[in-house]
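Asks: Give me a 3D structure for the following:
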Amino acid sequence: MEDDLEGRVIDAAMKLAETRGWHHTTLGAIAASADLPLSELRRLFPSKTAILTRLAARVDTAVLAATPVWTDRDSPRDRLFDLLMRRFDALRDYRRGLGAVLGDLPWQPSTLWEVGKSFNLSMAWMWTAAGLESPGCCERVQRLGLAGLYLRSLRIWLNDQTPDLARTMAALDTGLRHAESLMSITEGWYRHQPARTAATPPDSRPGPQSVGPAPTPTTD
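Replies: Numbers count the residues shown, from 1 in each chain. Prediction:
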């Protein structure tokens, strides 16, 4: 199946990144490690960057497929904590390879740009899965905060040797508690902004004849 081939390529790429670094991992080496001809690798992935973005998409799919049905008892913080920890679980086998990739990305601007777009899309899906969608710039600001929080937790996760990922969970929980306070402040700020009034249409504005003192009434 094609999905199995994709998985083989992603596994091979991450293992090579772990030993060689992402910069020195070539498409030829990935094809050989995955036991695929270059033509088949090209059909599946046109570039190394495509392998990374496809990995992110597969993780999204795995997390979304396992997302529970939320109830009113599940706070936004609890929902996001559950979803982001599921992401770490889905990435467990690629942790060392991802560490190598992240170490090389700052030196590859074009790859960093594409991976950044894919990452933002993943965070948008996590926001949607948590049932937090709402129109307006307030949500965009909150999602950016979520992305930063996840990246900080990701760096801790990469080096977390505790059996139950206690360090990662503690960092994520602390970050989400802070974010929860900021979200409340942000929402309150937007909620209490004065409503904008529509401009008065030109034809309903007072004309020149209404300017000046009112005429004195006559007694005739």
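Asks: going forward, measure contacts and count neighbours with C-alpha atoms only.
Replies: Fine.
Asks: residues in contact with residue 21?
Replies: Each residue near residue 21 by C-alpha atoms under 8 Å, 6 or more residues apart in numbering is listed here: 97, 100-101, 104.
Asks: So which bits of whichever strand or helix holds residue 58 are buried?
Replies: Here residue 58 sits within helix 48-65, counting by DSSP states H and E. By 16 or more other C-alpha atoms under 10 Å, the buried positions in helix 48-65 come out as 48-49, 51-60, 63-64.
Asks: Does anything pack onto it? Which helices or strands?
Replies: helix 2-20, helix 76-90, helix 109-129 (3 or more C-alpha pairs under 8 Å, 6 or more residues apart in numbering; DSSP states H and E).
Asks: please redo it, this time with the cut-off set to 10 Å
Replies: Helix 48-65 sits against helix 2-20, helix 38-44, helix 76-90, helix 109-129, with contacts defined as 3 or more C-alpha pairs under 10 Å, 6 or more residues apart in numbering; DSSP states H and E.
Asks: of these, which approaches residue 143 most closely?
Replies: With C-alpha to C-alpha as the criterion, residue 143 lies closest to helix 109-129 of the helices and strands packed on helix 48-65, at 6.9 Å.
Asks: Mind listing what's buried along that closest one?
Replies: For helix 109-129, by 16+ other C-alpha under 10 Å, it's 111-112, 115, 118-119, 121-127, 129.
Asks: Ok, stretch 94-113 next?
Replies: For stretch 94-113, by 16+ other C-alpha under 10 Å, it's 94-101, 104-105, 111-112.
Asks: what's the span of it from first residue to last?
Replies: For stretch 94-113, the first-to-last residue distance is 21 Å (C-alpha to C-alpha, to the nearest Å).
Asks: Show me what it is in contact with.
Replies: With contact meaning C-alpha atoms under 10 Å, 6 or more residues apart in numbering, stretch 94-113 is reached by 10-25, 47-50, 52-53, 55, 88-89, 91-92, 115-119, 154-155, 157-159.
Asks: Repeat the analysis, applying 8 Å as the threshold.
Replies: Outside stretch 94-113, the residues that touch it by C-alpha under 8 Å, 6+ apart are 11, 14-18, 21-23, 49, 158.
Asks: Next, report how far that stretch is displaced from the centre of its chain.
Replies: 17 Å (C-alpha atoms, centre = their mean, to the nearest Å).
Asks: Give the residue spans of the protein that score low on pLDDT.
Replies: Regions of the chain meeting the criterion pLDDT under 70 cover residues 1-3, 135-138, 182-220.
Asks: correct me, but residue 157 touches residue 171?
Replies: No - taking contacts as C-alpha atoms under 8 Å, residue 157 lies outside contact range of residue 171: 9.2 Å.
Asks: And these two? Which one has more around it.
Replies: Using other C-alpha atoms under 10 Å as the criterion, residue 157 and residue 171 rank with residue 157 on top: 22 against 18.
Asks: mind listing what residue 169 touches?
Replies: residue 85.
Asks: related to what we said a few turns ago, export the helices and strands packed on helix 48-65 to a markdown table and append columns for distance to residue 142.
Replies: Shown next, in a markdown table, are these (distance: least, C-alpha to C-alpha, whole Å):
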| stretch | distance to residue 142 |
| --- | --- |
| helix 2-20 | 31 |
| helix 38-44 | 35 |
| helix 76-90 | 12 |
| helix 109-129 | 9 |
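Asks: quick one: which of the ones you listed is nearest residue 167?
Replies: Of the helices and strands packed on helix 48-65, nearest to residue 167 by C-alpha to C-alpha is helix 76-90, at 11.9 Å.
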